[in-house]
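Trainee: give me coordinates for this.
(one chain, ligands or ions: 1)
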Amino acid sequence: MFDHSIKVPRLYKTTAKIYRQVKEGTGSLKQLVYEKKHPNIKAIYALVVEAIHRDSELNKLIERSEILKKEPRFDPWLARILITELLFGKLKLPGESKPIKTVLAYEQIFKAHNSDIVIPKSSEVNQVNKPRYVRVNTLSCTVNEAIENFSEEGWVLSKHLDNKDYTGFLEKIIQLNEDEFIPDIHIPNLLIFPIKTQFYRHPAYKNGQIILQDKASCLPVHILAPPPGSVVLDMCAAPGMKTTQVAAILNDQGLVYAVEKDERRFKTLEKIVESSKATCIKCFNKDILTCDNETFPNVEYILVDPSCSGSGLTDRLTVEEKQSQFRLNKLAGFQIKILRAALTRYPNAKRVVYSTCSTYLEENEDVVRQVLETNLNFKLVEAKQFVNNAWLNFGSEDFGEMGKFCLYAKPELDLTNGFFVAVFERVQEGEENMFFNKKNYNYKKYEQDKKRRGNFNDEEYEQENTIDDDPKTLEEKPKRRKKNKLISEQEIPEENNGIVKANQKNVINNDEEILEERPKKKKKNKSISKEITEENNEIVEYKKKKKKKSKHLKEEILEEKYEVVEEIQNEKQKILRIKDNEQIQETEEKHKPKKKKSKSVDVEETELKDPEGPKKKKHKKKDKE
Ligand SMILES: C[S@@+](CC[C@H](N)C(=O)[O-])C[C@H]1O[C@@H](n2cnc3c(N)ncnc32)[C@H](O)[C@@H]1O
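Mentor: Okay, here's the model as predicted:
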């Protein structure tokens, strides 16, 4: 008889809950673990990661032992966590609770079945068991030819006919026999082979007929989908996996500008492009932030795949890894700049795809949000429509509808690297960007400027008025403004200087505009004088109406004040987040083993990684005694 009053340790209950949420895609592992604020975050993290990595073994063990059939009321998530701990973790379970006694009762059965299950070595524990993805280079051979060649070598072709049944397809991938392969249901030229299949020495790999590219990394170009004949810009091209995929989708008809800033990586790009046999790619060793429509004319499709933290790469999914908030902010600043450049500098661009191999909101949804909030010409479109509407992971709910439009690939669920994709399309007549934020963009100023200037170009205006989001420069903004003021005052001819001062004195709303635009005006003194004279006339007009408008002005000032307050609040939130992280780190530090006293915690944290750990500790204790 079980004593039902004995409870399962909270550590396992919490771990099972997080594990379920990760598998169901309702949160990222890191986020969920840190949210729980459990004193033993590391142990929970390690156990969930272990359970995820042991997925296929756990499936087999549960199926063969029939534990869940015989114990139908047993929470399957808790069962999997307890089995993981017993067989691959601490190798023991504490206490007398019913779930623990149940799993212990099956221990021998598990072990009997376990002997024929291949268990990855401990050094591989931090790697998700991904299958081998092979993209057929259709510029070199057709998919059918590739399939025939593999079949001749003894590979057995498996198929999944329902391309809407993604979960069924994932099950099939997990269960692939060691001689089976299967075409992907989303990416037409992608073949999937069992985990750890090696192709590096395969002749098809050596002669460029196949490219070893993770499925998640194929998604951005598949979604960009430029038709043959298009002009495509790949803003961050090296090493060139996606560039060559674009050329294949174009069937080598059209033009691909492949831009790479780094000289060494540029050489790799050139080699990969050459081996792909594509002739429609032109490579440029340039900083894309210095380019525009004049450098690359008539661009219709743009891929923005910028440098990122790489936190989604599965071999980097380690328990210890955390990115500093400072680095994330810096990366995000760069990503925002580059995405903004894509959406504002190429007037013929129809579709832009933004992707990262990062799992951090800061580099993903947050970048998309900030760019969309200030863009009048592009809208976000639902990414899932490009993957048969059969996908499991989307952007964070914290971003509302915007989150739903974006797409994530998650290692633990999609069996790929971690990836993020967002798709933008130019708005058509009568359409609008539903995520445009009139408040942030200073919509009133935009409308006034539009009325004031005759020949108005939205795109140029956006470029002139977009906020510099680089956190570094944001911090420096107040100083920069002062500096700009000085520079402008020195450089603008004496006679105009007075007008500028008058402008500053009288036109409260123009203040920011003048300062923002100054660096550009430096080069164009002639046009400045003209503009200033125009503006001066406006001031006279303005003064006349000033009395009438004073109430309205007060409102505007108030509104601006609110914006500043909101900005400060955002900054505060950022600081709070950093503090939160620091607290977590502190909590971890607190619960880290203090060499002499808390041996039990030490054992719990180290055992998952090093089965020798506990023994060594016990040994030490003995020595002391
Ligand atoms: C994530 S990688 C791109 C991977 C590539 N799309 C692929 O699929 O093979 C980002 C690349 O952008 C390059 N990069 C970073 N800043 C750049 C800039 N301002 N202009 C052009 N390339 C840049 C980096 O050197 C790096 O090679």
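
Trainee: I'd assumed V368 was in a strand, is it?
Mentor: No. Read with DSSP: H, G, I helix; E, B strand; the rest coil, V368 is helix and lies in no strand.

Trainee: count of neighbours near it?
Mentor: Residues lying near V368 (other CB atoms under 10 Å) number 27. All C-beta spots, glycine's among them, are computed from the backbone N, C-alpha and C.

Trainee: mind listing what's buried along stretch 383-398?
Mentor: A383, K384, F386, V387, A390, W391, L392, N393, F394, G395, S396 (16 or more other CB atoms under 10 Å).

Trainee: how about Q198, what does it touch?
Mentor: By CB atoms under 8 Å, 6 or more residues apart in numbering, Q198 lies in contact with R132.

Trainee: right, I mislabeled it, should have said V134
Mentor: Here V134 is in contact with A146, L190, L191, I192, F193, F199, I210, I211, L212 (CB under 8 Å, 6+ apart).

Trainee: ok so, going back, output the buried residues of stretch 383-398 as CSV; include the columns secondary structure.
Mentor: Supplementary listing: those in CSV, determined by three-state DSSP:
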residue, secondary structure
A383, helix
K384, helix
F386, helix
V387, helix
A390, coil
W391, coil
L392, coil
N393, coil
F394, strand
G395, coil
S396, coil
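
Trainee: which single residue in the stretch 101-250 of the chain comes nearest to the ligand?
Mentor: Nearest residue of the stretch 101-250 of the chain to the ligand (CB to the nearest ligand atom) works out as C236 at 2.9 Å.

Trainee: that residue in helix, strand or coil?
Mentor: Classified using three-state DSSP, C236 is coil.

Trainee: pLDDT at L157, what is it?
Mentor: Looking at L157, its pLDDT is 97.

Trainee: ok, what's across the strand from it?
Mentor: Beta-bridge partners of L157, counted by DSSP bridges, are F181.

Trainee: wait, doesn't it sit right on I182?
Mentor: Yes. Here L157 lies in contact with I182, judged by CB atoms under 8 Å, at a distance of 7.4 Å.

Trainee: look at these two and report which has more neighbours.
Mentor: I182 (20 against 13).

Trainee: state the distance from the more buried one to F150.
Mentor: Separation of I182 from F150 (CB to CB, to the nearest Å) stands at 11 Å.

Trainee: common neighbours of the two, please.
Mentor: With CB under 8 Å, 6+ apart as the test, I182 and F150 both reach L157, L191.

Trainee: got the domain boundaries for this protein?
Mentor: Following automatic domain parsing, one finds the domains of the chain at 10-124, 132-211, 217-440.

Trainee: and the ones you listed, which is most packed in?
Mentor: Per residue and on average, the most neighbours among those fall to domain 217-440, with a mean of 20 (mean count of other CB atoms under 10 Å).

Trainee: other SSEs contacting the helix or strand harbouring A422?
Mentor: Using DSSP states H and E, A422 sits in strand 419-426. Contact here means 3 or more CB pairs under 8 Å, 6 or more residues apart in numbering; DSSP states H and E; on that basis strand 419-426 packs against helix 215-224, strand 351-356, helix 365-372, strand 378-381, strand 407-409.

Trainee: just the angle between it and helix 215-224, please?
Mentor: Compare the direction of strand 419-426 with that of helix 215-224 by axes from the mean of the first three to the mean of the last three CA atoms, to 10 degrees and you get 10 degrees.

Trainee: pull the residues that contact strand 419-426.
Mentor: 216-217, 219-220, 223-224, 312, 343, 349-359, 363-365, 368, 372, 377-383, 386, 395, 405-409.

Trainee: tabulate the buried residues of stretch 383-398 (JSON lines), appending distance to the ligand and pLDDT.
Mentor: Listed next are those as JSON lines, based on distance: CB to the nearest ligand atom, whole Å; pLDDT from 0 to 100:
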{"residue": "A383", "distance to the ligand": "17", "pLDDT": "97"}
{"residue": "K384", "distance to the ligand": "22", "pLDDT": "96"}
{"residue": "F386", "distance to the ligand": "17", "pLDDT": "97"}
{"residue": "V387", "distance to the ligand": "18", "pLDDT": "97"}
{"residue": "A390", "distance to the ligand": "24", "pLDDT": "95"}
{"residue": "W391", "distance to the ligand": "20", "pLDDT": "95"}
{"residue": "L392", "distance to the ligand": "23", "pLDDT": "92"}
{"residue": "N393", "distance to the ligand": "20", "pLDDT": "93"}
{"residue": "F394", "distance to the ligand": "22", "pLDDT": "95"}
{"residue": "G395", "distance to the ligand": "19", "pLDDT": "94"}
{"residue": "S396", "distance to the ligand": "22", "pLDDT": "93"}
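
Trainee: where do the strands sit along this structure?
Mentor: 132-136, 156-157, 180-183, 190-193, 210-211, 231-234, 255-260, 281-285, 301-304, 351-356, 378-381, 407-409, 419-426 (DSSP state E).

Trainee: so which of those strands is nearest V33?
Mentor: Minimum separation from V33 across those (CB to CB) falls at strand 407-409, 17.3 Å.

Trainee: remind me what that closest one packs against, helices and strands.
Mentor: helix 215-224, strand 419-426.

Trainee: tell me if the last one is near the ligand.
Mentor: No. No part of strand 419-426 sits close enough to the ligand to count as contact by CB under 6 Å from any ligand atom; the gap is at least 10.8 Å.

Trainee: how near is R426 to the ligand?
Mentor: 22 Å (CB to the nearest ligand atom, to the nearest Å).

Trainee: just R452 next, same as before
Mentor: 34 Å.

Trainee: what's the mean pLDDT across stretch 220-227?
Mentor: 98.

Trainee: cool, stretch 403-419 as well?
Mentor: 93.

Trainee: swap in stretch 51-68?
Mentor: 86.

Trainee: residue ranges in the chain under the pLDDT threshold?
Mentor: Counting by pLDDT under 70, the ranges of the chain that qualify are 1-4, 36-37, 114-128, 314-323, 438-444, 463, 465-625.
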